[in-house]
Structures are given as C-alpha cells and as structure tokens.
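Trainee: sequence first, then the predicted structure, then my questions.
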Amino acid sequence: MNRIALQMLLGDRAKYLGLIFGIMFATLLISQQTSIFVGILIRTAGQILDVYEADIWVMDPRVKFFEEIEPLPDTAVARVRGVPGVQWGVPFFRGQVVARSTDGMLQQIMLLGLDDATLTGAPRKMIMGNLEDLRRPDSVIMDRDGFNFIWPGEEMKLGKVIELNDRRAEIVGFCETTPPFVTTPVVYSRYSNAMKYVPPRSKQLSYVLVKAGEGQTPEELCKKITAQTGFAAYTWREWAWKTVGYILARTGIPINFGITIALGFIVGSAIAGQTFYLFVVENLKQYGALKAIGVSNGRILLMVLLQALVVGVIGYSLGIGLAAMFFEFAGKNAPALRGFFLPWEVAVGAFVAIMTIVLLVSVFSVRKVLVVDPAIVFRG
Amino acid sequence: MSQASQTSMSAATLATAPVAIECRAITKEFVNGDMVTPVLRGVDLEFPAGEMGFLVGPSGCGKTTLISIIAGILTPTDGEVTVFGRDIQHLSAGQKTRFRRENVGFIFQQYNLLPALSAVENAAIPLIAAGLPYREATAAAAELLSRLDMGDHLKKQPRQLSGGQQQRVAVARALVHQPKLVVCDEPTAALDAHTGHRVLELLRAIALSPDRAVIVVTHDNRIFEFADRIAHMDDGRILDIERNGHQRIPGASGATHTATARHGGSHHV
C-alpha cells in the first residue's frame, strides 16, 4: 500500500508541487532567518572569538558587553600577571576612532590595540601583507570588508595612508576577521601605536588577556583573579555569551527575529497545511473506497503519514538547499552578509520544525479520513 | 428465454443452495442531533448463493443503506444480518474491515478508481491490501483484466479509459480476490445500454458460482433480465420479491420475504 500511497501523492502534480513549494518556503524562511539571527549573535561576540590565544578576559567589573569599555589602569596588567596560575597576561585595547582617507572620506572604525611584544589577538588570516609589519611605525592592518566599505570598488593595495584621529597610519596588511555587530571597519595596531590614535586619558587599557598556567582551569583562575584584583574575569566562552546575552536582553533583535521566524513557521505551516489538508480532503472519496474495500484505518494512517514524510523531506531538502545557496551567494557578493552561514544546528532545528508541521497537519487531516464513512462511496 | 433463466440454477440446485444473505428485522436510524431519521423499518430478506439478486426501488427508499449493512460498512440499529453464515453486525470495526477485505467485492456507480493508478494497479488493490506482494497482485489482476477484454489497457490510467472500460476495471477490482459476495451500486448508471449489458454479462459469467452471490442496487430496468430475483423496496421496507421476472412474492410486515426453495417453497420460484 506504500506504493499506492506514493502514486496517489505523485499522481496529482499540481497539489504535489504546491505541497513541496509550501514546505520549501517554510524551510527557507525558518532556516534563513534563524541563521541570520545566529550570525548577528556571533557578530556581537566576533572579536572575542577571534582572539584564540587567551583563555581569560579581565576587565572592569562595570563592563557589560564587549563594545562597552570601562578602562582599567595600566597597572592592571602587572596585577593580573601576579595572580598565581597565570601563565601570561597582555594588554588589549578596543576603541572607536574616526578614520579619514586621503580623499577626505570620514569613517568611524573599530581600533584594536595588540600587545607590542606578542601581538596577541592578531588576525588569524592575512590576505595581503605580513603580520610582522605591524611592528613598523604608524602601521595598521585593516580587514578586507573595512577596505571595501571605505573604498568600494578599489583594488586592495598595501601602503595606503589614512588618518586616525588626525594621525598618520599606513596600511601594511589586509586581513579577514569576523565582521563586528555594527558593520564598521576593523583596524589592528600595536597597543603602543593605538595609544597615539586615541585622545589621552588617565586610563586606556580595555582588557587584560590571560593564559592559564599548566594544571590551572580557566574557571578557577577567573575566581582567583577576581578575588585578588577586584577585576571581573571571564573565560572567553563566558565573556562571549555575556556579550550575546546583553544584546539579546537590551535590543529588539530577538523579538524582531523571533517574530520573523514565527511568521515563517506560521506562513509555512499555513501553506503546507492547507495544501495537504485539501489534498487529503479531495481524496476523501478515494480513501473511502479503500476503506470500503477493506483497507484498515491504521494502514490508511500510515499511507497519509508516508505521503507527509515524503513531501516533508523533499520540501525540506529544497528549502535548506536554497538557504545554503543564499548564504554561499550572499557571503561572496554582499559584504554586509559576509560571515553569515547556515549552522548545522539550524539545519537540524529547521528539519525538526518542518517535520513537526508536516506531522501535525497530516494528523489533523487524517482525522477526516479516519472518520469518513466508507458508505461515502455509494453516494454518486 | 431471459439471460437470467439461461444462467440460473435448476430448482434442485436451489433447494440445496446455501443462503448467501439473510436479514432479519433490520432497522436503521440516522441520528442528527435531536432528529432521528428511520431509513430501514424492519427489513427481512434472503438471497441464496449462486444467484444475482437485485434491490430496486425509488431514490431514498433505503437500498444503499441496506447493501451498506449487508457489506459490513454500516451497522444496523436493530436486527440481524448474516452473510454466508457469518453474523456480521456484532463484528468489531477491525473485524468488519477484515471481513470486507476477504469476502466482499465492490462495484460503485462512479467506479471510484484511483486516478493516479493504472488499470492493473487499480484492479490489484484488494490483493495488495490483503498483503500480497505487488508483483503477484498485479499479475493476478492483469490476468483477470485480460479475461475482461482489457489486456490492451493494463497500463492506462482511468482518465485514458472509456466509462465501460473503467467499469470493467472496477469489476476486476471487485472480483480479483475472489470474494463470496459482490455488491454493486448502480453499476450501469453511467453506461449506455450496450455497455451496461456487457458489464452484467461479464459479472454473471465471472462472479457467480454456487458458493458466491452478487447483489445489485439499480434503477436501470434495462438490466432487470439479468436478475435471478428482484427485491422491490419502498420507504425502508421490502414490498415484494420477484423471481426471474415472472412471479411476485408479496411482502408482509414481520414476515420473511423469501423466494428460495428452502423457505418459500418451489411453487414460488
């Protein structure tokens, strides 16, 4: 009877394609919007995740998320290094400065100052130039998207000069970074060099990056650092989640995306549900004939579930394929969407959601079949 | 000599023929909210095996309800139904489904073929439903369709077939699992006279045997000649039973309307 169920499904091309389209659309909406949401969350913590060398981020206890800086005194580095269990601790600066290109274009950028000696927190992937060139005077490394943002359509060229807060900076390299939450160019510099680009203040240090020593868990070391220095200390994972949590709690992003995802779910359910329901209802007489002939309710239930499963899997596959293509295409062609991707967790979640829709709809529809009086077949 | 008289069994055979369908004081009421609609008002009926029995009467007289009960689709409100010795009104829903699958073949007015399936697949459905592998089921269905002159149309879908051809597929579907009882609801209503006759001829030739029976609900008096006996119904009751189109057996409330040799005596036949 499975073969018959499939032939019934495939026999009505228009409805079959309608069902596939509905489920594909729902899958696309759910997975694409959820992935963008996840991408935005990752972006909020992108600069934390990019610093792969450090186990722990130390900061002022009043800091709530990555982009909100409450500077530490310069002595903080030495105090943190003095905590037992710390293998090394280095300064890290994060600030906003205004960049001016030689053609007069102004652009707010994110400036990251790396430890002069170790360049801890440096970009992982250089596209052009050499990381060591960062040790040259007035040198900076800019991310590719930042360059394209400031000089759209121009070819990347080393040696380009910009002004950061009216001080000269030469671009000695281009790199790839996780795009920040707000699409601004990211510029790397040595810590000492970065201090020249920002207005003088009594306290400038944003974070102390720490590596835990042998046999020391980062979590325990965080407690020790806090206890001994009074600074807040988080593992990189805790700090990333704290930043994500702040964005979730303090912005309308989750609500807006939640609404979009919910709408995708509802619209997709409505399209798929209505089409499948109509498919079942319009075949009611055929099911009635099968029941009269002696096909049991259980077997008919399995037939309908099989039909639902088939359209669910095909519709989902097409939808998730389109979502993957979207991110592949958008990532290459739209700088604002670079870094967005389709996480496997979203793909799995969308599959569960779509199958839930399909099964709920089929169970709802099949109720009509199960209660249909086989005597319906005697009515002309 | 009529078609029926040519093919019906002799009186001697009738005297020993088993009863195919036996209805005793069948009532059926449909309840919709507070409204109760009586459709059958105490039907007594017997049809012997080896015969083709017709149920005739005006629309709404209860013919379809009665064959639905006989086929194990509907349950009577009261009374007893026995089909080939099996008391079916007390079967559970699952048992009735199984009973229909194994013992009943259906031919519907609108054929009710599955449009997505080919002729041979449609005809094979009862065997597939009974668990026979697809290949074997379609092979058996193909053989039967060939006997019904449909050998050249096995792979065609219903929309590619004429009404008569579709009805022959429906006949094959009703007979492929060799049911004891074949129930036909207005089998010729959508067919022209010639095609209708052909379908009935095939039905008599293939479906009838001493241990089987065919019951036909019809308005079509052009095919009455195929009946071994005709039960006239009106207002939820059997009015009389006509044997071979020659003799009427008057009905009486509460009495057994039987024309079989066993109950009614050979003088009725």
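Mentor: Received it, and whenever you're ready, just let me know what you need.
Trainee: Provide the secondary structure category for residue A:128.
Mentor: Classification of residue A:128 by DSSP: H, G, I helix; E, B strand; the rest coil places it in strand.
Trainee: OK, contacts around it?
Mentor: Listed by CB atoms under 8 Å, 6 or more residues apart in numbering or on different chains, the contact set of residue A:128 reads A:156, A:158, A:173, A:174. Backbone N, C-alpha and C define where each C-beta goes, glycine included.
Trainee: next step: these restricted to strands.
Mentor: A:173, A:174 (DSSP state E).
Trainee: whichever of the contacts of residue A:128 end up buried, select them in ChimeraX.
Mentor: In ChimeraX, selecting the buried portion of the contacts of residue A:128, with burial taken from 16 or more other CB atoms under 10 Å in any protein chain shown, looks like this:
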select /A:156,173,174
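Trainee: farthest-separated two in the contacts of residue A:128?
Mentor: The largest distance within those, taken as CB to CB, falls between A:156 and A:173 and amounts to 9.8 Å.
Trainee: now the common contact residues for those two.
Mentor: With contacts taken as CB under 8 Å, 6+ apart, residue A:156 and residue A:173 have A:127, A:128 as neighbours in common.
Trainee: all strands for the chain, in order.
Mentor: Picking chain A for this. A:56-59, A:86-101, A:106-114, A:125-129, A:139-143, A:161-164, A:167-176, A:186-190, A:207-212, A:232-235.
Trainee: that's the other chain; I wanted chain B
Mentor: Ranges of strands in chain B, per DSSP E, are B:19-32, B:35-48, B:52-56, B:78-83, B:86-87, B:104-107, B:181-185, B:213-217, B:229-234, B:237-243, B:247-250.
Trainee: from residue B:83, how far out is the residue most central in space within chain A?
Mentor: Taking CA atoms, centre = their mean, the centroid of chain A lies closest to residue A:39, which sits 1.8 Å from it. Separation of residue A:39 from residue B:83 (CB to CB, to the nearest Å): 67 Å.
Trainee: same thing with residue A:343?
Mentor: According to CB to CB, residue A:343 and residue B:83 sit 62 Å apart.
Trainee: those two: who's more crowded?
Mentor: Set residue A:343 next to residue B:83 and count neighbours by other CB atoms under 10 Å in any protein chain shown: residue B:83 wins out with 25 against 16.
Trainee: please name the bridge partners of that one.
Mentor: residue B:21, residue B:86 (DSSP bridges).
Trainee: how about residue B:29?
Mentor: Applying DSSP bridges to residue B:29 gives these bridge partners: residue B:38.
Trainee: could you find the closest non-adjacent residue to residue 235?
Mentor: Looking at chain A here, since you left the chain open. Nearest residue to residue A:235, sequence neighbours excluded (CB to CB, 6 or more residues apart in numbering or on different chains): residue A:218, at 4.4 Å.
Trainee: can you look at chain B instead?
Mentor: Among residues not flanking residue B:235 along the chain, residue B:61 sits closest, at 6.1 Å (CB to CB, 6+ apart).
Trainee: check contacts around the one you found.
Mentor: Residues counted as contacts of residue B:61 (CB under 8 Å, 6+ apart) are B:233, B:234, B:235, B:236.
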